[in-house]
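Student: Just to be clear, the model below is a prediction. Sequence and coordinates:
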Amino acid sequence: MSRAKVPDNWPTYLDAPKDSLLALGVISLVYNQLEGALNDVFYAACRMSHEQAAILFPKIQNDVRIAMIEHALEWPEWPSSLKSDVLFFLKAFRICATNRHALMHSYALGITTLEPSRLVLVKPSRRGEELTSSVDLDELRGVADAMHSLIPFGSFAAATASAFWRRRATGEELNIEPWPQAPERPPLPIELDWQFRQRAADRS
């Protein structure tokens with residue numbers, strides 16, 4: 001069966017560069033993988049089974065998930081280096097999630113005439129105001145790449161935490177500082193800039 005070819009002019013109903021639309025699609029898909037890494041950290045840090053986490057994780061929002069992990073990190077038994085890695089993952093995850101949610105809940109207003117062209121996006125704030133951001137392809141790719149680079153770091157931290165608690169449960173030697181470090185920490189993601197959009201009625 002031959003593969004269907006996307007028409008060059010599709011979609012005709014969105015005034016946005018194709019490369020930017022592709023990047024937005026990648027962001028949406030990679031974020032789902034990043035949530036999987038958060039799930040791994042969630043069950044490992046909170047000392048749950050996969051089955052318990054599979055039931056609870058989908059029923060709660062990110063702020064509750066992160067709060068539960070941070071509460072679990074207050075246990076004094078945590079090796080300091082491992083605790084630091086988990087906290088870094090949570091900090092980076094928050095930025096990635098903020099960027100993803102803002103992009104996925106925005107609509108395209110158009111593109112700028114400057115080179116390189118920038119996609120102008122608008123989204124509502126929780127106070128009912130409109131926020132706008134103009135992003136170029138490099139910034140959108142940066143959002144996706146930051147999420148992708150964070151996934152193995154979080155998964156390694158989760159696996160390390162699971163191994164630590166297994167050791168502790170079996171009474172193995174617990175004096176393991178310094179704990180082996182996770183793969184090199186990726187750069188902290190950059191949060192996209194959103195500004196209050198002044199409407200024409202407000203300017204008159």
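Tutor: Received the coordinates, thanks.
Student: Okay, now the unreliable bits of the chain?
Tutor: The model of the chain has pLDDT under 70 over residues 1-2, 115, 172-182, 197-204.
Student: Would you map the strands across it?
Tutor: 107-111, 119-124, 130-135, 195-196 (DSSP state E).
Student: Does anything pack onto the shortest one? Which helices or strands?
Tutor: Here strand 195-196 is seen to pack against strand 130-135 when contacts are counted using 3 or more C-beta pairs under 8 Å, 6 or more residues apart in numbering; DSSP states H and E. The way it works is simple: take the backbone N, C-alpha and C, and place the C-beta from them, glycine included.
Student: which residues are contacting the strand it packs on?
Tutor: With contact meaning C-beta atoms under 8 Å, 6 or more residues apart in numbering, strand 130-135 is reached by 20, 102, 106, 109, 112, 118-125, 192-197, 199.
Student: Kindly recompute the last result at 6 Å.
Tutor: Strand 130-135 is contacted by residues 118-123, 125, 192-195, 197 when judged by C-beta atoms under 6 Å, 6 or more residues apart in numbering.
Student: Quick check: longest helix in this protein by residues?
Tutor: Counting residues, the longest helix found in the chain (DSSP state H) is helix 137-169.
Student: what separates that one from the chain centre, distance-wise?
Tutor: Put simply, helix 137-169 sits 10 Å off its chain's centre (C-alpha atoms, centre = their mean, to the nearest Å).
Student: relative to strand 130-135, how tilted is it?
Tutor: Orientation note: helix 137-169 sits at an angle of 100 degrees relative to strand 130-135 (axes from the mean of the first three to the mean of the last three C-alpha atoms, to 10 degrees).
Student: elements contacting helix 137-169?
Tutor: With contacts taken as 3 or more C-beta pairs under 6 Å, 6 or more residues apart in numbering; DSSP states H and E, helix 137-169 sits against helix 18-45, helix 80-104.
Student: For residue 63, find the nearest of the ones you listed.
Tutor: Across the helices and strands packed on helix 137-169, the minimum distance to residue 63, taken as C-beta to C-beta, is reached by helix 80-104, at 9.2 Å.
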